[in-house]
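K.L.:
Everything below, folded, please.
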Amino acid sequence: MKKSISLAFLVLGSITFAQEVKKEESKREPGHYDKNKFSQMYNEMATPNMYRSASGAPGPAYYQQKADYKINLELDDKLARLYGNETITYYNNAPESLEYLWLQLDQNIERRDNQTQLIDNKTIFPATNGSSFAKTYMEPGFDGGFNIDYVKDAKGNNLKYTINQTMMRIDLPQPLKKGEKVSFSIKWWYNIVNYQGSANNGRSGYEQFPDGNRLYVMAQFYPRMCVYNDVEGWQNMQFWGRSEFALAFGNYDVSITVPADHIIEGTGTLQNRAEVYTAEQVKRWELAEKTFDKPVVIVTQEEATAKEKGFSNEKKTWKFKAENVRDFGFSTSRKFILDAMAVQIGNNKPMAISIYPKEANPLWGDLSTKAVAHTLRTYSKYTFDYPYPKAVSVSAEDQGMEYPMICWNFGRPDETGKVSDRVKYGMLGVIIHEVGHNFFPMIVNSDERQWTWMDEGLNTFLEYLTEIEWESTFPVDRGPARLIVPYMKGNQQYLEPIMSQGDVVYNFGANAYGKPATGLNILRETIMGHELFDHAFKTYANRWKFKHPTPEDFFRTMEDASAVDLDWFWKGWFYSTDFVDIGIKNVKQYYVTESVTKENKESFNRRGRRVSGDQGPTIYLLPEDSADLKAENKKAFNAEEVQSLNEFLNKKYTAEERKNMKNPKFFYEVEFDKPGGMIMPIIAELQFEDGTSEIHKFPAQIWRRNNEVAKRTFATDKKVVKIVVDPKLETADIDTTNNTWPKQETTSKFDQLEKK
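P.N.:
Next up is the predicted model:
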């Protein structure tokens with residue numbers, strides 16, 4: 001009977017392990033706290049409670065406040081001034097009583113004495129142009145900001161109030177208890193700034209045209225209630241010009257009086273269309289409500305051009321109502337062309353609308369409303385059916401800003417009418433982005449002042465998906481992992497974690513927009529897969545629509561709805577400035593031999609791994625460069641002791657079973673290292689000598705016990721000539737020079753990208 005010897009792997013140096021342990025016993029290192037990057041985030045995240053559950057869903061005691069507004073406005077087009085009065089009804093749904101209320105006065109950033117201009121470092125430029133010199137050192141500055149005429153209660157009595165820069169506190173005569181409401185009125189006016197000129201907050205104001213006409217984009221134009229919630233109480237952080245707005249939901253009834261030759265679009269549904277449109281324009285609108293394939297022009301270019309030549313002294317009042325919105329914005333000008341079309345989204349039929357001056361044509365007439373409709377359809381697919389009655393895109397140069405149902409967007413032909421690809425795709429990108437903000441944060445209403453990434457980052461991620469659905473070759477500038485690499489490999493002195501308040505960040509665009517969008521894209525493409533990610537993301541959007549989520553609510557929901565542990569990812573990608581760098585440290589190649597030296601046989605026996613019985617012959621996997629493979633050193637066992645592998649397999653398996661078995665001839669032990677601190681899955685491409693290749697993917701948990709190195713073995717029936725880590729550049733690896741075996745002395749693709 002032939003004897004068989006058990007399976008063996010040549011492991012160098014293992015026989016000295018016991019002796020090495022004894023030597024090290026006298027050199028024990030002190031104990032340490034948990035440093036494992038896979039540890040759960042109990043320290044980083046707020047403790048779940050009755051308001052916000054451990055699953056990421058609103059808890060049984062979740063509440064939010066409500067604020068209803070009735071606003072009357074009048075625009076003085078000659079003085080560029082807005083007059084307004086409002087009645088706010090505020091509902092306290094919190095379990096505690098409120099002694100005072102906080103409102104936002106964001107227009108105060110345009111006051112001459114605003115402190116925004118004092119918070120940035122300033123230096124002297126030895127040479128500058130006269131305009132810049134005069135603006136910096138000689139001009140008095142724009143006289144903007146709210147002028148509050150009064151604050152009165154429902155009975156007309158004056159209420160005590162205190163203004164602290166961009167915030168106003170109203171002291172209540174008696175505490176507002178749970179379940180109670182209070183109504184009060186405010187009257188104000190302010191000078192409207194040229195947002196392309198001296199504005200400190202370029203989100204709102206007017207654009208001046210050479211013919212004397214103005215195009216107004218109006219927002220932050222009224223005192224607005226701050227959010228009060230279970231997380232921070234009053235969210236009354238000052239507005240310094242960058243980090244945007246946290247607002248309460250409510251209903252709006254807004255009347256806007258403007259020159260009679262103006263066209264207006266704004267948040268909400270127009271209540272008196274027949275009074276402000278011509279009869280022909282009303283018919284065109286009714287046609288647009290039934291048209292789903294292309295925009296219908298409601299106000300023509302000819303009609304708009306005729307109005308530009310005269311400035312009416314008559315007035316018209318436009319009336320809008322909106323339900324369950326967090327803000328109100330509007331745009332008005334006599335220069336406006338208007339087109340619209342209906343969009344079928346589930347059972348809803350919102351209107352996609354664009355308003356623009358003739359200077360924006362033909363670009364806007366051709367593309368804007370179609371882009372609005374495409375955005376509503378695509379975002380709805382990944383979140384929830386768009387619930388509002390319309391979405392409006394306004395052409396306003398140098399703009400990119402969003403409000404419920406309306407947004408302002410840049411991008412126009414040059415003076416000769418030429419439209420470059422840069423202008424075209426820039427305009428499409430900003431329209432998609434700003435219309436997309438209807439979902440985040442206008443409906444999924446996060447705190448923009450504190451967590452900019454929760455609206456900008458999530459929205460940029462969906463913008464990327466929408467752009468490539470518009471056109472597969474769309475020149476996207478954020479989303480794919482490769483595009484964030486220049487930022488991730490930057491000087492750590494100027495990098496902050498995503499979980500940083502927006503005003504303290506150096507590279508705001510990359511930190512608040514690009515990096516979170518890329519992180520979500522990596523989760524979807526590489527870590528979770530489309531099905532798990534899309535379900536979890538949609539769950540988050542539906543749980544928190546018309547509510548106020550926090551980062552923890554998002555993180556927990558993504559895990560809760562997918563059964564994917566992502567604490568390691570949130571910790572590294574959102575809470576740190578760790579970067580990804582995974583490389584190939586070493587590759588050992590092995591071949592099968594049934595011959596072995598006496599020394600290797602004895603070494604194997606000493607390790608005590610011999611297994612008798614029918615487990616088969618000894619299969620020696622020896623390094624490619626091992627002397628044991630040299631003919632002169634081969635020492636075969638006695639023929640009576642040796643059973644060939646084929647003999648063993650033919651005896652143990654049927655012929656049918658043998659057909660389905662692999663026949664590996666080449667064996668590789670690959671050692672991966674991780675110079676970067678950020679955990680990521682290992683994606684390895686094996687390229688074979690016949691020109692074929694295969695991808696092997698190992699989950700991030702491969703690093704769970706050793707944050708420095710990981711080893712994997714590959715058994716192939718073809719010779720491997722090349723191994724590449726992250727071949728499709730999907731993990732944001734900042735250094736690809738260590739990603740290839742055999743090592744190649746080539747310029748990094750990212751370095752080539754940067755040079756371009």
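K.L.:
My guess is residue 36 contacts residue 704. True?
P.N.:
Yes. Assessed by C-beta atoms under 8 Å, residue 36 is found in contact with residue 704 at 7.3 Å. Backbone N, C-alpha and C define where each C-beta goes, glycine included.
K.L.:
Have a look at these two and say which one is more surrounded.
P.N.:
Of the pair residue 36 and residue 704, residue 704 is the one with more neighbours under other C-beta atoms under 10 Å, namely 14 against 11.
K.L.:
can you give me the strands in the stretch 401-550 of the chain?
P.N.:
Remark: strands assigned in the stretch 401-550 of the chain by DSSP state E, counting those that start in this stretch are 406-409.
K.L.:
Repeat that for the stretch 601-750 of the chain.
P.N.:
Listed in chain order, the strands found in the stretch 601-750 of the chain under DSSP E, counting those that start in this stretch are 620-623, 666-673, 682-688, 693-698, 709-716, 720-725, 740-741.
K.L.:
These: which one's closest to residue 84?
P.N.:
Nearest to residue 84 among these is strand 682-688 (57.1 Å), distances taken as C-beta to C-beta.
K.L.:
what lines up beside that closest one in the sheet?
P.N.:
Strand 682-688 has the following strand partners under DSSP bridges: strand 693-698 (antiparallel), strand 720-725 (antiparallel).
K.L.:
returning to what we had before: redo the strands of the stretch 601-750 of the chain as JSON lines? Include distance to residue 511 and mean neighbour count.
P.N.:
JSON lines is the format used below for those (distance: least, C-beta to C-beta, whole Å; neighbours: other C-beta atoms under 10 Å):
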{"stretch": "strand 620-623", "distance to residue 511": "47", "mean neighbour count": "20"}
{"stretch": "strand 666-673", "distance to residue 511": "28", "mean neighbour count": "19"}
{"stretch": "strand 682-688", "distance to residue 511": "26", "mean neighbour count": "19"}
{"stretch": "strand 693-698", "distance to residue 511": "29", "mean neighbour count": "13"}
{"stretch": "strand 709-716", "distance to residue 511": "30", "mean neighbour count": "15"}
{"stretch": "strand 720-725", "distance to residue 511": "26", "mean neighbour count": "18"}
{"stretch": "strand 740-741", "distance to residue 511": "31", "mean neighbour count": "19"}
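K.L.:
any idea which of the ones you listed scores lowest on pLDDT?
P.N.:
Among the strands of the stretch 601-750 of the chain, strand 620-623 carries the lowest mean pLDDT, a mean of 61.
K.L.:
before we move on, the earlier item: will you turn the strands of the stretch 601-750 of the chain into CSV that also has distance to residue 568?
P.N.:
As requested, those are exported to CSV (distance: least, C-beta to C-beta, whole Å):
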stretch, distance to residue 568
strand 620-623, 33
strand 666-673, 17
strand 682-688, 14
strand 693-698, 14
strand 709-716, 14
strand 720-725, 19
strand 740-741, 26
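K.L.:
Quick one, which of the ones you listed gets closest to residue 338.
P.N.:
Minimum separation from residue 338 across the strands of the stretch 601-750 of the chain (C-beta to C-beta) falls at strand 682-688, 49.8 Å.
K.L.:
In this protein, which residue is most central in space?
P.N.:
Nearest to the mean C-alpha position of the chain, counting by C-alpha atoms, centre = their mean, stands residue 457 at 2.1 Å.
K.L.:
so what's that residue up against?
P.N.:
498, 512, 513, 515, 516, 517, 519, 520 (C-beta atoms under 8 Å, 6 or more residues apart in numbering).
K.L.:
In helices, which of those appear?
P.N.:
Among the contacts of residue 457, DSSP state H puts 515, 516, 517, 519, 520 in helices.
K.L.:
Next, format the residues you listed as a markdown table and append distance to residue 434 and pLDDT.
P.N.:
Formatted as a markdown table, those follow (distance: C-beta to C-beta, whole Å; pLDDT from 0 to 100):
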| residue | distance to residue 434 | pLDDT |
| --- | --- | --- |
| 515 | 20 | 98 |
| 516 | 18 | 98 |
| 517 | 15 | 98 |
| 519 | 22 | 98 |
| 520 | 19 | 98 |
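K.L.:
Residue 264 should be in a helix, yeah?
P.N.:
No. Under DSSP: H, G, I helix; E, B strand; the rest coil, residue 264 falls outside any helix and is assigned strand.
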